[in-house]
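>>> build the 3D model from these lines:
(one chain, ligands or ions: 1)
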Amino acid sequence: MKSKVEQGLNEQIHAEFFSFYLYLAVSAYFTKLHLEGFAHWMRVQAQEELAHAMKLFDYLNERGGAVRLLAVESPQSEWASPSAAVEAVLKHEQHISERINRLVDLANGENDHATAVMLHWYVREQVEEEATADTLYHQVKMVEASPHGLLMIDRELAGRPAAAPAAEAEA
Ligand code: FEO
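Numbers count the residues shown, from 1 in each chain. Sure thing, here's the model as predicted:
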């Protein structure tokens, strides 16, 4: 595997681990607000992020690349409001989409077709993740002045099924 692609994949593993940290931090923030449904939803998403990191980790190993685990920085832990916390998640997903797109460009530029094809899963996944975060952000923004509305969304989010363990994540 070309070293530029290897480096790009290692950086993406780091970005997915940071996503795991960020969703955990947002989950803890909602736990403190006693919005248990939001906390649950964010925690399930954290598990999905871990699965995203592990899928890249496994791919790098499979291709004989060198895995280099980078230090994961501390995420923010306090937000001004529920909508600000969800907005942080939305902005982060938009940032991850840009990263993935750049990584696909890099793989294509290096004629690494296998990596480009593998990354298409992430391109599709980001469409879904951005749309979900965007909808949640706008819904929370809409009801923020009303505790009743926030509690209704909280009840709905509590129903999110647990993520599959990383090793069983969709191929
Ligand atoms: Fe792994 Fe939410 O992007």
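
>>> now residue 158, nearest residue through space, not along the chain?
In space, not counting the residues next to it along the chain, residue 158 is nearest to residue 37; the distance is 3.5 Å by Cβ to Cβ, 6 or more residues apart in numbering. For the C-beta atoms, the positions are set from N, CA and C on the backbone; glycine is no exception.

>>> pretty sure that neighbour sits against residue 150.
No - using Cβ atoms under 8 Å, residue 37 and residue 150 do not qualify as a contacting pair, with a distance of 9.7 Å.

>>> okay, now residue 95: neighbour count?
13 (other Cβ atoms under 10 Å).

>>> contacting residues around the residue nearest to residue 158?
Shown here is residue 37, whose contacts under the criterion Cβ atoms under 8 Å, 6 or more residues apart in numbering are 153-159.

>>> kindly provide the distance from the residue of the chain found nearest the ligand to residue 126.
Among the residues of the chain, residue 52 lies closest to the ligand, at 3.7 Å counting by Cβ to the nearest ligand atom. To residue 126, residue 52 is 10 Å away according to Cβ to Cβ, to the nearest Å.

>>> residue 107 now?
According to Cβ to Cβ, residue 107 and residue 126 sit 16 Å apart.

>>> excluding sequence neighbours, find me the nearest residue to residue 89.
According to Cβ to Cβ, 6+ apart, the nearest residue to residue 89 is residue 133 (5.2 Å).

>>> how much space is there between that neighbour and residue 94?
If you go by Cβ to Cβ, the gap between residue 133 and residue 94 works out to 8 Å.

>>> contacts only, for the closest residue to residue 26 other than its chain neighbours.
Distances taken as Cβ to Cβ, 6+ apart put residue 42 closest to residue 26, at 4.6 Å, once the chain neighbours are dropped. Counting by Cβ under 8 Å, 6+ apart, residue 42 makes contact with 23-24, 26-27, 30, 89.

>>> which stretches of this structure have low pLDDT?
Under the criterion pLDDT under 70, the flagged ranges of the chain are 165-171.

>>> so which bits of it are right by the ligand?
Residues of the chain lying close to the ligand by Cβ under 6 Å from any ligand atom are 16, 19, 49, 52, 93, 96, 129.

>>> with adjacent residues omitted, what lies nearest to the fourth one?
Distance criterion Cβ to Cβ, 6+ apart; nearest residue to residue 52, sequence neighbours excluded, is residue 16 at 4.3 Å.
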